[in-house]
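J.: this one's sequence-less:
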């Protein structure tokens, strides 16, 4: 392992899988990352991959305590038949922040379903900030996405989960296809939060005020901690999105912020503003936005 003041580099280990297939049959890709606390430094101690999923190196824009990493998916999107799995483990007292260089894309399926499985595990005393940019669902996509977060003891988690139906800038709407999403957070094996949704193109229920109210962009910011103070909720409620609707509430051990509207940029900026409030309160660290957000 090579180490300096700005980065940690570990061997990039390619996983062996005799069943690995490349297009046109669909990518089968996996990425496994492990972060550990060594002295005062959180390090990327494990990095294994199969197929087109990568993390090049760990970055330290705010010092040794937090290891930042950018998840790379060179195909730039998930096509029909693709299967992606991401496993992230954060060890005891380690801290990591993960983001992406741009929006994720779910392409038209052509009769083949695509899937993505994300498993995040944080041990006692550890923290993980899962801050990907939005996921864009193309017209005709057929996808299945699952995000599972498992916390131990007093571990902390802050995460974004933002979706866009259709490419609004091109006048495209999500009129055909299907997208199934699942999200689960548990602490010491006990559920803290769970929800799932099946979105079908041109579903009349999209227009219902109880569902999306006709909105094409929706999502959540979720912050899990042993205790969520009421004052933090009030501070977040003073921050409003510049377009669309936003609301913040508190569940036992969880802060939930919801967005619904038609402006992915407004949603993304609102989540970032909330994160800048939540992070100091829960992790005792000032906000340090990833540089990639400015590109």
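T.: Thanks, I have it. Please read all numbers here as calculations on a predicted model, not as lab measurements.

J.: Tell me where the model's unsure across the stretch 1-150 of the chain.
T.: Residue ranges of the stretch 1-150 of the chain with pLDDT under 70: 1-25.

J.: hang on, residue 278 is in a strand, isn't it?
T.: No - according to DSSP: H, G, I helix; E, B strand; the rest coil, the state of residue 278 is helix, so it is not within a strand.

J.: how far away is it from residue 284?
T.: Note on residue 278: its distance to residue 284, by C-beta to C-beta, to the nearest Å, is 12 Å. C-betas here are computed from N, CA, C, even on glycine.

J.: With residue 185 instead?
T.: When C-beta to C-beta is applied, the distance between residue 185 and residue 284 equals 21 Å.

J.: Counting neighbours, go ahead and name the busier of those two.
T.: Ranked by neighbour count (other C-beta atoms under 10 Å), residue 185 and residue 284 place residue 185 first, with 21 against 8.

J.: Bridged to the more buried one, which residues?
T.: Here residue 185 shows beta-bridge partners residue 149, residue 193, assigned using DSSP bridges.

J.: Next up, the contacts around it.
T.: Residue 185 makes contact with 149, 151, 157, 191, 192, 193, 194, 222, 224, 254 under the criterion C-beta atoms under 8 Å, 6 or more residues apart in numbering.

J.: and the fifth one, what does it touch?
T.: Looking back up the chat, that one is residue 192. Taking C-beta under 8 Å, 6+ apart, one finds 151, 185, 186, 224, 251, 252, 253, 254 in contact with residue 192.

J.: Likewise for the third one?
T.: By C-beta under 8 Å, 6+ apart, residue 157 lies in contact with 120, 122, 127-130, 149, 151, 185, 222-225.

J.: Compute the first-to-last residue distance for stretch 199-216.
T.: The stretch stretch 199-216 measures 11 Å between its terminal residues, going by C-alpha to C-alpha, to the nearest Å.

J.: Start at 498, not 1
T.: All right, first residue 498 from here; so that's stretch 696-713.

J.: Next, the buried residues of it.
T.: If you call a residue buried by 16 or more other C-beta atoms under 10 Å, then stretch 696-713 has these buried ones: 696, 698, 703, 708, 709, 712, 713.

J.: Identify all contacting residues around the helix or strand containing residue 583.
T.: If you go by DSSP states H and E, residue 583 is part of strand 580-587. For strand 580-587, the surrounding residues in contact (C-beta under 8 Å, 6+ apart) are 523-532, 543, 550, 568, 570, 575, 593, 595, 611-620, 623-625, 627, 652.

J.: Using PyMOL, define a selection of the buried residues within the residues you listed.
T.: Here is the PyMOL command that picks out the buried ones among the contacts of strand 580-587, judged by 16+ other C-beta under 10 Å:
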select buried, resi 523+524+525+526+527+528+529+530+531+532+543+550+568+570+575+593+595+611+612+613+614+615+617+618+619+620+623+624+625+627+652
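
J.: ok, back up a step: which one of the contacts of residue 654 is nearest to residue 600?
T.: Closest approach between those and residue 600, by C-beta to C-beta: residue 627, at 15.6 Å.

J.: average pLDDT for the helix or strand where residue 764 lies?
T.: Assignment of secondary structure by DSSP H and E places residue 764 within helix 761-780. Mean pLDDT, helix 761-780: 97.

J.: Of the contacts of residue 654, just say which sits nearest to residue 758.
T.: Using C-beta to C-beta, residue 719 comes nearest to residue 758 of those, at 18.4 Å.

J.: which strands and helices sit next to the helix or strand hosting the closest one?
T.: Element membership of residue 719, judged by DSSP H and E, is strand 714-721. Applying 3 or more C-beta pairs under 8 Å, 6 or more residues apart in numbering; DSSP states H and E, we find strand 714-721 packed against strand 653-662, strand 675-684, strand 687-697, strand 751-758, helix 761-780.

J.: what number of residues lie near residue 585?
T.: As a burial measure, the neighbour count of residue 585 was computed by other C-beta under 10 Å and equals 23.

J.: For residue 637, give its distance to residue 602.
T.: Residue 637 is 12 Å from residue 602, where distance means C-beta to C-beta.

J.: wait, I meant residue 589
T.: Distance check for residue 589 against residue 602: by C-beta to C-beta, it reads 36 Å.

J.: Between these two, tell me which one has more neighbours.
T.: Neighbour totals were compared for residue 589 and residue 602, and residue 602 leads with 19 against 14 (other C-beta under 10 Å).
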